[in-house]
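Peer 1: fold the following.
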Amino acid sequence: MVDGGVAGLVLAAGAGRRMGGPKALLRLSPSGPSLVESTVSRLLDAGVSKVHVVVGHSADSVRLRAERVGGVVAEAEDWAEGMGASLRCGIEALEVTDAEAMILMLVDLPDVGAAVHTRLLDSVDGDLDGVLLRAAYDGRAGHPVLIGRDHWRLIRRHAVGDHGARTYFDSHRPRLVECGDLATGRDIDRPGDV
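Peer 2: A predicted model of the protein is given here:
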């Protein structure tokens, strides 16, 4: 297990138009935690030192829930641009910390838990600054992604629109870490997905 040096980054700024509201605020059961709360908690349970959460749409409500479970919030004022804006905002917030790597997680992956995060962290071979590992589910690349600080500047430059880090990963392929025995890695986009 990687000891310290890894910060969590949860992208939770979207409006969730297809879902009918922000997925960060969605509860899978009436008395259960919101997705942003469970995502932050699972990263902390895996031993991540600090979890940063990027908010945008419904910022005050998402902030309240993220902070309630120990998240550190950054607001992407240009969140409507897409995932790229959220990722740029998150990297900017992390650049002033002493984190050597971040574990990038989306808020809408309800079955990806601490076991997946731990497997990714346990797969680090070498220094954290240069690491680039990505969870895979039955061979298909997914989230989370463990990204060393050496990659942040270029990812930030490539993060535009709704692509996030996809363009960067096309030319800098992360090593895949199979996690299909731990989760499906499927996101939820519409009410029928819940």
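Peer 1: which strand runs longest in this protein?
Peer 2: As assigned by DSSP state E, the longest strand anywhere in the chain is strand 140-148.
Peer 1: and the gap between the residue nearest to residue 137 when sequence neighbours are not counted and residue 179?
Peer 2: Once flanking residues are discounted, residue 137 sits nearest to residue 185: 3.7 Å by CB to CB, 6 or more residues apart in numbering. For every residue, glycine as well, the C-beta is placed using N, CA and C. Distance, residue 185 to residue 179, using CB to CB, to the nearest Å: 7 Å.
Peer 1: if we can go back for a sec, so how far is the longest strand of the chain from its chain's centroid?
Peer 2: When C-alpha coordinates are averaged (CA atoms, centre = their mean, to the nearest Å), strand 140-148 and its chain have centres 9 Å apart.
Peer 1: now for the helix or strand following that strand, which elements pack on it?
Peer 2: Beyond strand 140-148 in the direction of the C-terminus, DSSP states H and E gives the next helix or strand as helix 152-158. Applying 3 or more CB pairs under 8 Å, 6 or more residues apart in numbering; DSSP states H and E, we find helix 152-158 packed against helix 83-95, helix 166-171.
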